[in-house]
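Participant: Provided below for reference: sequence and predicted model.
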Amino acid sequence: ATLTAAERRHLAAVLGDEAEVPAMVRRALIDPSELELGSTIGSGSAGEVIAGNYHGTPVAVKRMHRKMLSPEFLELFVEECELCLSLRHPNIVQLLGGSWRLDSPDVCMVMERCNGTLHDALMAQDTPLPMAIRHTVLVGVARAMSYLHAQSPPILHRDLKPENVLLMDDFQPKLSDFGSSREAAALSSTMIGTPLFTAPEVLSQQAYGLSCDVWSYGCIIACLLMRSQYPYPKELLAGVNFATLSASVRSGTLVPGLPQRTSSPLAAIGWRCCQLNPADRVSFAQVTEELQQKQTAAWAAQAAEANP
């Protein structure tokens, strides 16, 4: 496709030879000619995801929509590439590199390919999701988030939701989409994320910190326990607009649809994640430790049953 003069200027200014592209992003640059592209496997407001192949390796190629080729969004693209290239964790999607040319509108991120999203699995009623699998997903996400929050300075994901939890064939989760992620050196009050999974203090546009991600994680627990794409009871969302939803969540009159605290250990953790006061929420380090203890206890019980 032919670039407009403005697009050509923007690409040169942000991604060109004279631009201040971080060294690690330059080193990981993938020539578009090295990618074999297949069918589209997903799309969103910022771009589409295409199944691809890179020197024999299956990859997912996230291509920006052409309307996003502005200096602002191209700079965010570079920032996300730099952040993702610096992250190394088994439960975070690996970025192989960015891919672009200055004479093409195709600006892409090349990532390891997974087997769908947690949102897909929740929607597919014919896909069994036994408690062991739900536990595996929650442990992996908690480990990834604990890793992000342990960075110096800590990293907020800010858009934790089932669509951004990718799944491997064995249901090991991989956290993705760091376009909203930011270092937490300075607490922010910027409205970001997906309303249904957004913490009350963010909806209130107050200063927020690491615990806003914890609230979103509690919402994911609710989705898994209810087997629903929504963290709130569906009947309570019928005909509700954003303003009403936001006000209800901020006031605590609408809370995630978690079972009673005593119904299961996961429900109890979910409630501790979704406390209205951010200071009362549990940390991801605590969540990870508790879930891993429960996992070890479950394995021990299974071993005892198998070898009476």
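Facilitator: Thanks, I have the structure now.
Participant: What ranges does the stretch 151-300 of the chain have for its helices?
Facilitator: Using DSSP state H, counting those that start in this stretch, the helices found in the stretch 151-300 of the chain span residues 200-203, 211-226, 234-237, 242-251, 265-273, 284-306.
Participant: Can you pull the poorly scored residue ranges out of the stretch 101-250 of the chain?
Facilitator: 179-193 (pLDDT under 70).
Participant: Distance check, the residue sitting nearest the centre point of the chain against residue 24.
Facilitator: In the chain, the residue lying closest to the centroid (CA atoms, centre = their mean) is residue 164, at 3.5 Å. Distance, residue 164 to residue 24, by CB to CB, to the nearest Å: 23 Å. No exception for glycine: its C-beta is placed from N, CA and C like everyone else's.
Participant: again with residue 92
Facilitator: Counting by CB to CB, the gap from residue 92 to residue 24 is 16 Å.
Participant: which of the two has more neighbours?
Facilitator: Counted by other CB atoms under 10 Å, residue 92 and residue 24 do not tie: residue 92 has more neighbours, with 22 against 12.
Participant: That one and residue 257: what is the separation?
Facilitator: 28 Å.
Participant: count of neighbours near residue 138?
Facilitator: For residue 138, using other CB under 10 Å, the count is 24.
Participant: quick one: what helix or strand has it in it?
Facilitator: helix 131-149 (DSSP states H and E).
Participant: That helix versus helix 265-273: what angle between them?
Facilitator: 30 degrees (axes from the mean of the first three to the mean of the last three CA atoms, to 10 degrees).
Participant: Put the alpha carbons of helix 131-149 into CSV.
Facilitator: Provided in CSV are the C-alpha atoms of helix 131-149 (Å, rounded to 0.1, in the frame of the first residue of the first chain):
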residue,chain,number,x,y,z
MET,A,131,-11.2,-26.8,39.0
ALA,A,132,-7.6,-28.1,38.4
ILE,A,133,-7.4,-26.1,35.1
ARG,A,134,-8.9,-23.0,36.7
HIS,A,135,-6.4,-23.3,39.5
THR,A,136,-3.5,-23.7,36.9
VAL,A,137,-4.7,-20.5,35.1
LEU,A,138,-4.9,-18.5,38.3
VAL,A,139,-1.5,-19.6,39.7
GLY,A,140,0.2,-18.7,36.4
VAL,A,141,-1.4,-15.2,36.2
ALA,A,142,-0.6,-14.5,39.8
ARG,A,143,3.0,-15.5,39.2
ALA,A,144,3.3,-13.2,36.2
MET,A,145,1.7,-10.3,38.1
SER,A,146,3.9,-10.9,41.1
TYR,A,147,6.9,-10.7,38.8
LEU,A,148,5.7,-7.5,37.3
HIS,A,149,5.0,-5.9,40.6
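Participant: among the helices of the stretch 151-300 of the chain, which is the most enclosed?
Facilitator: Among those, the stretch with the highest mean neighbour count (mean count of other CB atoms under 10 Å) is helix 211-226, at a mean of 25.
Participant: Would you agree residue 220 is in contact with residue 160?
Facilitator: Yes - using CB atoms under 8 Å, residue 220 is in contact with residue 160, at 6.8 Å.
Participant: what do the two both touch?
Facilitator: 141, 197 (CB atoms under 8 Å, 6 or more residues apart in numbering).
Participant: count of neighbours near the residue lying closest to residue 112 once chain neighbours are set aside?
Facilitator: Distances taken as CB to CB, 6 or more residues apart in numbering put residue 94 closest to residue 112, at 4.6 Å, once the chain neighbours are dropped. Taking other CB under 10 Å as the criterion, the count of residues near residue 94 is 15.
Participant: Any chance of the backbone angles for residue 94?
Facilitator: Backbone torsions for residue 94, taken as degrees, to the nearest 10, come to phi -80, psi 130.
Participant: Residue 64 too?
Facilitator: The phi/psi pair for residue 64 (degrees, to the nearest 10) is phi -70, psi 140.
Participant: Per-residue pLDDT of it, please?
Facilitator: Listed pLDDT for residue 64 reads 94.
Participant: what does residue 308 give?
Facilitator: Confidence score, pLDDT, at residue 308: 57.
Participant: same check, this time on residue 277
Facilitator: So, for residue 277, pLDDT stands at 96.
Participant: now do residue 10
Facilitator: Looking at residue 10, the pLDDT reads 96.
Participant: count of residues packed around residue 69?
Facilitator: Quick note: residue 69 (other CB under 10 Å) scores 21 neighbours.
Participant: what about the nearest residue to it once chain neighbours are set aside, which SS state?
Facilitator: Sequence neighbours aside, residue 7 is the residue nearest to residue 69 in space, at 5.0 Å (criterion: CB to CB, 6+ apart). When classified by DSSP: H, G, I helix; E, B strand; the rest coil, residue 7 comes out as helix.
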